[in-house]
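> Next one to model:
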Amino acid sequence: MNTLRSQLQHHGHRYYVLDEPEIPDAEYDRLFAELQALELAHPELSSPDSPTRRVGGAPLGQFDSVRHAVPMLSIRTETDTLATGAENFDGRVRRELGLTPNDPPVEYVAELKFDGLAMSLRYENGVLVQAATRGDGEVGEDVTQNIRTIRQIPLRLNAAAAFDMPAILEVRGEVYMRRDEFEALNDRQREKIAQGAKGEKTFVNPRNAAAGGVRQLDPAIAAQRRLSFFAYGLGEVTPAAQGGPAFQTHFDLLMTLKSWGFPVAEQTKVVRGAAELVAFHQHMGETRDQLPYDIDGVVYKVNSLALQRQLGFVTREPRWAVAHKYPAQEQLTTILGIDVQVGRTGKLTPVAKLAPVFVGGVTVTNATLHNEDEARRKDVRIGDTVIVRRAGDVIPEVVSVVLEKRQGQAEQFTMPRQCPVCGSAAVREEGEADYRCTGGLFCGAQRKEAILHYAHRRAVEVDGLGDKLVEVLVDANIIRTLPDLYRLGLTSLAGLDRMADKSANNLLEAIENSKQTTLPRFMFGLGIRHVGEATAKALARYFGNLDAIMRASEEELLAVDDVGPVVAQSIRTFFDQAHNREVVEQLRACGVTWEEGEPAERAPQPLSGKTFVITGTLPTLGRDEAKDKVEAAGGKVAGSVSKKTDYVVAGTEAGSKLTKALELGVKVIDESQLMELLNGSA
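Okay, the predicted model is just below:
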């Protein structure tokens, strides 16, 4: 018990005073609950200085102390399953009130449990005179100057309510930081660090950033944090001479605070009985990731203030309220190793292998490190104790390393320069954070994506070859590379689930038909990074045949319209891989063919440099056919109308794009006028 008390005092000081927590909230709660249980079992060993008798840490010496007229006590926490937490609380309340099963349900107010910093705002005659942190519940810190920078907090209360304004009013609530403001703050911090600023750091989560902002000595720095506030209760209230408000319920109190100018969370609602508490907890759990700020649970409070007084307090907690937390989104665990995964598009991602830990409602054994730069910035090493975070359906990530627990000098992580799946070179393009495998058609990790892309209707087009079928064929090792498509037979397909003879024959016929294609479609189908349809067409027009493209140097590739340095390097890197060239030759050997010719003349094309938008139904041309003709004549086809659009080709039932063109004064033409432009006669 003494060890636990010492640990909790240490971590409470790090969390509440220094704003530099070493462990997640869930780990602190676990230690706290363990000490509570021991003191309950052995009351003779209880100590008056136990953390269970306190709320938090001592105030910082650099701020003036403020003694709370009404202590800022915390409330009991439930961490049980969805139904149990709410039902336990409702059951306790009903027992304390002496209610029977035949009595009506108790009315509660259900609120959000914000992940921020508790604050007490003191108003005298409607004017803010002091703001104080919770501190140890009895004595907090005077942070008035910093709180004045929070625009959501009124400096003077709503004049319309002055007639019933208490002479002294202490409003209790939470200072927090929105997620978008938190990301913007960390972006600014990273920029400072990159510029060599000393003593700068990024923040682990919005709660720590908010707490640090409140405790800044310079209010100008606090203002830069762009903090926010929600009100949820009252402290000391001394009625004005003319009476003041007489609240009957907690919800009436909140709505009055709102009318006086305080922000109150819109999700706050009145509910009845355990079932509605459960429903509120479940709904907020499902939607919490859509909120613009962090919450770590919900709070239930008996709505009737008379019943609150009847229920009273036990030790340090009110009997009439409870916090029902969600599974912790952050937990401590250990890095067992660092692997590199290859995604469907060839992206290499370092992944931390973890000692199993229950976080965010599931057991997690892997967490992303995103890329080499992030892994080095966080200085994650094998054997480290780390904080892992999982929010909703977001992939678990390593938030930070607990450096105090590091043992020895493990090596920094370095991204391998070869793909761990196929052994091809892994490259990082200039200006990008990610390494990518250059194996392309050869890499097993990219196999499914490569086949689907090749079979796309705008590429070689294999009708009927969709996601599910490709997954089955690849997982069964029936298809390993693109040429295997053309080696499929009725026997290999007949054994697949839900693949009847007719479906199998239709697929084989579609595969056979795909052998006759065009050079642009084939080039696009190879899935070369940065080579889209327009680039593939430009390459085919310029070089005339595939062999010339495969031999072309970066300098020669740069001569092609629509090809810049990044695209040229990507094409050259792709064809420099022997296995990619081998796949191309095997596809040719399987009978994939197209019409080739001599390089196109370099004379200017009729639509060179012109941008078109095609909308509506044209009389004879399909939209894809019209697009092909425009691009073949050197033009570009865009998906939306802007001031840079030269022509809008409009057919019947043209909609918003035509309207936008008329608004911007863009020239509108029909199909016949387009044909004149294509023929060079307009």
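> in the stretch 501-650 of the chain, what spans have low per-residue confidence?
Residue ranges of the stretch 501-650 of the chain with pLDDT under 70: 600-604.
> which residues does the residue nearest to R288 when sequence neighbours are not counted bridge with?
With sequence-adjacent residues excluded and distances taken as C-beta to C-beta, 6 or more residues apart in numbering, R288 is closest to I295, at 5.5 Å. Backbone N, C-alpha and C define where each C-beta goes, glycine included. Taking DSSP bridges, one finds F114 as the beta-bridge partners of I295.
> so what pLDDT did I295 get?
pLDDT, the model's per-residue confidence, is 92 for I295.
> you'd agree it is up against G285?
No. Counting by C-beta atoms under 8 Å, I295 sits too far from G285 to count as a contact (9.5 Å).
> so where do the helices sit in the stretch 401-550 of the chain?
In the stretch 401-550 of the chain, the helices defined using DSSP state H, counting those that start in this stretch lie at 447-454, 467-475, 490-494, 501-513, 519-525, 533-543, 546-551.
> what residue ranges in this protein score low on pLDDT?
For the chain, applying pLDDT under 70 flags the ranges 13, 16-19, 48-49, 53-61, 80-82, 158-164, 240-245, 392-394, 600-604, 681-682.
> and the nearest residue to D64 once chain neighbours are set aside, bridged to which residues?
In space, and not counting its chain neighbours, D64 is closest to D142: 4.2 Å by C-beta to C-beta, 6+ apart. For D142, the beta-bridge partners are A132 (DSSP bridges).
> For D142, list the residues it contacts.
If you count contacts by C-beta atoms under 8 Å, 6 or more residues apart in numbering, D142 has them with F63, D64, S65, V66, Q130, A131, A132.
> Give the buried subset of those as a PyMOL selection command.
Filtering the contacts of D142 down to the buried ones (16 or more other C-beta atoms under 10 Å) takes a single PyMOL command:
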select buried, resi 63+66+130+131+132
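> Now the two most distant members of the contacts of D142.
Farthest-apart pair in the contacts of D142 is S65 and A131; separation 13.5 Å (C-beta to C-beta).
> Correct me if wrong: K537 contacts A632.
Yes. The criterion here is C-beta under 8 Å, and K537 meets it with A632 at 6.9 Å.
> Tell me which of those two has more neighbours.
Counted by other C-beta atoms under 10 Å, K537 and A632 do not tie: K537 has more neighbours, with 21 against 16.
> Look up the closest residue to that one, ignoring the ones flanking it.
Closest residue to K537 apart from its sequence neighbours, by C-beta to C-beta, 6+ apart: P520 at 4.3 Å.
> what do you get for R122?
Nearest non-adjacent residue to R122, counting by C-beta to C-beta, 6+ apart: Q130, 4.2 Å away.
> a strand runs through that neighbour, doesn't it?
Yes. Per DSSP: H, G, I helix; E, B strand; the rest coil, Q130 lies within a strand segment.
> Is it in contact with T144, as I believe?
Yes. The pair Q130 and T144 qualifies as a contact (C-beta under 8 Å) at a distance of 5.3 Å.
> What segments of the stretch 201-350 of the chain are helices?
For the stretch 201-350 of the chain, helices defined by DSSP H, counting those that start in this stretch occupy the ranges 206-214, 219-224, 250-259, 273-287, 305-311.
> Deepest-packed of those, please.
helix 206-214 (a mean of 24; mean count of other C-beta atoms under 10 Å).
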